[in-house]
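>>> Sharing a model prediction with you, sequence too.
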Amino acid sequence: MTEELKKRMQWRDTFQHNLLISGILVLIGLILPAIISVESFMIYDSLFLSLETQNQGLLIITAFKLVMMNSIRILPVYMASYNLIEYSRPKGDHLKEWLVYALGLLLIPIFYQVVFILYHFRYDFGMPSIIIMISILLFTVKDLSHINIIKKSMFVILLLISLQWLDVIPLLSSYGFGGGDVSTDVKMFSELLGADSALSFSGISFFIIFLINALMIFKFLKDQDTVIKTLNHQKQMEKELNELNIKNLRVRTSEEMEHLVHDLKSPLTSIQALVSFSEMLLEDEKIISYMGRINESVDQLNEMISEILHENRKHSTSLKDIFESVLSQISPVIGSDTIHLTNQCAETLIEVNKIRFTRMIINIINNSLSATKHMNGQILINVIDEGENVHITIRDNGVGIAADHLDKIKEKGFSTKGSSGLGLQYVEKVIHNHGGVMMIESVLNVGTTTTIMIPKGEVEYEKHFDN
């Protein structure tokens with residue numbers, strides 16, 4: 001699957017998800033007029049009472065109730081529009097991006113029309129609605145992608161309430177504000193009460209208060225988004241720097257290893273030359289035999305040094321030799337007497353880097369020793385023939401590993417013992433480089449079983465030879 005196809009599928013899933021959320025919000029918006037209405041808010045009761053008592057304060061309270069009622073009823077559709085545009089825009093694909101913009105904005109007038117069909121009254125699609133749509137468009141362009149929807153909705157709510165106040169200001173009627181039936185009636189009652197100035201002053205004051213709060217929220221969100229982006233950028237730079245440092249360290253380590261190997265091999269080469277020269281001069285067969293054994297030991301040392309440096313350098317080795325090496329290295333360790341080996345494949349050959357493969361098995365055994373050191377521990381090692389593979393099973397009756405840790409033990413840096421957590425990383429890498437597979441089964445307070453499957457015989461590996 002190409003990267004482009006993955007992006008398209010990801011956008012499709014995101015769009016469908018946000019379309020569902022927006023659909024739910026629209027449905028809520030269509031239900032609200034049946035619950036929140038002029039009657040439930042007692043708008044006209046308050047209007048007539050203000051006229052009877054000539055109470056301008058009551059008229060302003062009624063206007064406040066009207067603003068809150070309208071804001072609550074239309075909030076879901078504006079949030080649906082905002083959600084669809086903000087979280088469904090496919091960045092980089094301009095055609096789809098503009099289609100999403102169009103769909104999100106057209107959602108609002110279509111919603112108004114559906115409300116009229118269902119309830120036989122019309123939401124006024126006037127200047128406040130147009131201004132809110134433009135504001136949503138500008139807000140989404142700012143791309144505050146690191147701020148969650150709940151925080152962003154606070155800006156939309158405050159902006160919506162502030163603009164709803166413009167509908168009840170008598171001075172703005174001639175500019176396309178307050179064309180709805182109820183808003184018109186509020187302004188008519190205001191004129192009858194001679195309260196146009198008071199209502200206009202109150203409307204402008206509340207408009208400014210809510211708008212300032214909306215702008216403050218916007219500024220706060222913008223600053224927070226900038227801080228989060230800066231922190232994320234800093235983390236990314238630190239990650240890249242760490243990766244670069246690790247890469248440089250590996251290069252330097254590799255160079256140092258090459259120098260070390262050269263330094264180690266130089267005296268060995270001298271020893272071999274002297275041995276060969278001595279063999280030519282000596283006549284005693286016993287001493288010549290000793291010289292031959294020295295020469296063989298030097299060859300083995302050369303091979304071991306090469307295997308340490310070149311992890312992909314492998315040669316055929318019997319499982320008898322491998323486990324003799326393992327047990328000889330592990331024997332000085334406290335608890336090694338609890339290790340019991342059953343090797344049914346002693347003469348079977350596997351092609352391995354003996355040094356690294358041996359260290360890998362020792363690493364697993366050390367984990368078992370650590371798990372059984374405070375109890376009557378037993379570590380059983382079984383080597384069996386399984387067709388084209390050899391199965392090496394290392395089983396202990398130690399403390400085991402918790403189920404929630406079992407999936408994490410191979411992760412870099414994870415450890416249940418407070419160590420660096422690199423042990424199983426090394427084990428898995430060595431097994432992988434030998435074409436093998438590792439399985440770990442564990443039960444808490446029962447024990448752990450590690451099974452390694454390694455191919456037998458000649459296997460195609462990359463080989464490195466020294467000059």
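Everything's here; your move.

>>> Tell me where the stretch 201-350 of the chain has strands.
315-318, 339-343, 349-352 (DSSP state E, counting those that start in this stretch).

>>> can I get those strands in a markdown table with mean pLDDT and mean neighbour count?
In short, each C-beta sits where N, CA and C put it, glycine included. Shown next, in a markdown table, are the strands of the stretch 201-350 of the chain (pLDDT from 0 to 100; neighbours: other Cβ atoms under 10 Å):
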| stretch | mean pLDDT | mean neighbour count |
| --- | --- | --- |
| strand 315-318 | 85 | 14 |
| strand 339-343 | 91 | 15 |
| strand 349-352 | 89 | 22 |
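
>>> So which of these is nearest residue 168?
Ranking the strands of the stretch 201-350 of the chain by proximity to residue 168 (Cβ to Cβ) places strand 349-352 first, at 85.1 Å.

>>> For the closest one, what is the distance to the chain centroid?
The chain centre lies 40 Å from the centre of strand 349-352; the measure is Cα atoms, centre = their mean, to the nearest Å.

>>> closest one to residue 327 among the strands of the stretch 201-350 of the chain?
strand 339-343 (6.9 Å).

>>> What count of nearby residues applies to residue 74?
A count of neighbours around residue 74, defined by other Cβ atoms under 10 Å, yields 23.

>>> Check which helices and strands the strand or helix carrying it sits against.
Using DSSP states H and E, residue 74 sits within helix 56-88. With contacts defined as 3 or more Cβ pairs under 8 Å, 6 or more residues apart in numbering; DSSP states H and E, helix 56-88 has these neighbours: helix 3-35, helix 43-53, helix 94-119, helix 127-141, helix 149-164, helix 181-193, helix 196-281.

>>> Output the ones you listed in JSON lines; the columns should cover mean pLDDT and distance to residue 320.
Converted to JSON lines, the helices and strands packed on helix 56-88 look like this (pLDDT from 0 to 100; distance: least, Cβ to Cβ, whole Å):
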{"stretch": "helix 3-35", "mean pLDDT": "82", "distance to residue 320": "50"}
{"stretch": "helix 43-53", "mean pLDDT": "91", "distance to residue 320": "96"}
{"stretch": "helix 94-119", "mean pLDDT": "84", "distance to residue 320": "66"}
{"stretch": "helix 127-141", "mean pLDDT": "80", "distance to residue 320": "71"}
{"stretch": "helix 149-164", "mean pLDDT": "84", "distance to residue 320": "66"}
{"stretch": "helix 181-193", "mean pLDDT": "89", "distance to residue 320": "95"}
{"stretch": "helix 196-281", "mean pLDDT": "79", "distance to residue 320": "26"}
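
>>> Quick check: which of these is nearest to residue 83?
Among those, helix 3-35 comes nearest to residue 83, with 5.3 Å by Cβ to Cβ.

>>> Mind giving me the packing neighbours of the closest one?
Secondary elements touching helix 3-35 (3+ Cβ pairs under 8 Å, 6+ apart): helix 56-88, helix 94-119.

>>> follow-up on the earlier one: for my notes, please list the helices and strands packed on helix 56-88 in JSON lines and give distance to residue 401 for each entry.
As requested, the helices and strands packed on helix 56-88 are exported to JSON lines (distance: least, Cβ to Cβ, whole Å):
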{"stretch": "helix 3-35", "distance to residue 401": "35"}
{"stretch": "helix 43-53", "distance to residue 401": "67"}
{"stretch": "helix 94-119", "distance to residue 401": "48"}
{"stretch": "helix 127-141", "distance to residue 401": "48"}
{"stretch": "helix 149-164", "distance to residue 401": "40"}
{"stretch": "helix 181-193", "distance to residue 401": "68"}
{"stretch": "helix 196-281", "distance to residue 401": "28"}
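
>>> just to revisit the earlier point, and among the helices and strands packed on helix 3-35, the most buried is which?
Mean neighbour counts were compared across those using mean count of other Cβ atoms under 10 Å; the top stretch is helix 56-88, at a mean of 21.

>>> okay, the angle between that helix and helix 43-53?
Here the directions of helix 56-88 and helix 43-53 differ by 150 degrees (axes from the mean of the first three to the mean of the last three Cα atoms, to 10 degrees).

>>> any idea of the angle helix 56-88 forms with helix 196-281?
30 degrees.

>>> rewinding a little: out of the helices and strands packed on helix 56-88, which comes closest to residue 340?
Closest among the helices and strands packed on helix 56-88, using Cβ to Cβ: helix 196-281, at 35.9 Å.

>>> Helices of the stretch 251-400 of the chain, start to end?
Remark: helices assigned in the stretch 251-400 of the chain by DSSP state H, counting those that start in this stretch are 285-309, 319-330, 354-372.

>>> just those helices: most buried one?
Note that of the helices of the stretch 251-400 of the chain, helix 354-372 is the most buried (mean count of other Cβ under 10 Å), with a mean of 21.

>>> what angle do it and strand 339-343 make?
Angle, helix 354-372 to strand 339-343, by the same axes, to 10 degrees: 130 degrees.

>>> Just the CA atoms of helix 354-372, as CSV, please.
Extracted in CSV, the C-alpha atoms of helix 354-372 (Å, rounded to 0.1, in the frame of the first residue of the first chain):
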residue,chain,number,x,y,z
LYS,A,354,29.7,-18.4,18.4
ILE,A,355,30.8,-15.5,20.7
ARG,A,356,27.5,-13.6,20.3
PHE,A,357,25.3,-16.7,20.3
THR,A,358,26.9,-17.9,23.5
ARG,A,359,26.6,-14.5,25.2
MET,A,360,22.9,-14.5,24.2
ILE,A,361,22.2,-17.8,25.9
ILE,A,362,24.2,-16.7,29.0
ASN,A,363,22.1,-13.6,29.1
ILE,A,364,18.8,-15.6,29.3
ILE,A,365,20.3,-17.9,31.9
ASN,A,366,21.4,-14.9,34.0
ASN,A,367,17.8,-13.7,33.9
SER,A,368,16.6,-17.1,35.2
LEU,A,369,19.3,-17.1,37.9
SER,A,370,18.2,-13.6,39.0
ALA,A,371,14.5,-14.8,39.1
THR,A,372,15.4,-17.8,41.3
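
>>> State the mean pLDDT of it.
Mean pLDDT, computed over helix 354-372, is 86.

>>> what about it, distance to the chain center?
33 Å.

>>> do stretch 168-185 as well
51 Å.

>>> Likewise for stretch 428-443?
The answer for stretch 428-443 is 26 Å, by Cα atoms, centre = their mean.

>>> Report the backbone C-alpha coordinates of that stretch in PDB.
The C-alpha trace of stretch 428-443 is given here as PDB (Å, rounded to 0.1, in the frame of the first residue of the first chain):
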ATOM      1  CA  GLU A 428      16.300 -10.700  20.300                       C
ATOM      2  CA  LYS A 429      18.700  -9.000  18.000                       C
ATOM      3  CA  VAL A 430      21.200 -11.900  18.100                       C
ATOM      4  CA  ILE A 431      18.400 -14.500  17.500                       C
ATOM      5  CA  HIS A 432      17.000 -12.400  14.600                       C
ATOM      6  CA  ASN A 433      20.500 -12.100  13.000                       C
ATOM      7  CA  HIS A 434      20.700 -15.900  13.100                       C
ATOM      8  CA  GLY A 435      17.400 -16.400  11.400                       C
ATOM      9  CA  GLY A 436      15.700 -17.600  14.500                       C
ATOM     10  CA  VAL A 437      12.600 -16.900  16.600                       C
ATOM     11  CA  MET A 438      12.200 -16.400  20.400                       C
ATOM     12  CA  MET A 439       9.000 -17.100  22.400                       C
ATOM     13  CA  ILE A 440       8.600 -16.200  26.100                       C
ATOM     14  CA  GLU A 441       5.900 -17.700  28.300                       C
ATOM     15  CA  SER A 442       5.600 -16.700  32.000                       C
ATOM     16  CA  VAL A 443       3.200 -17.000  34.900                       C
END
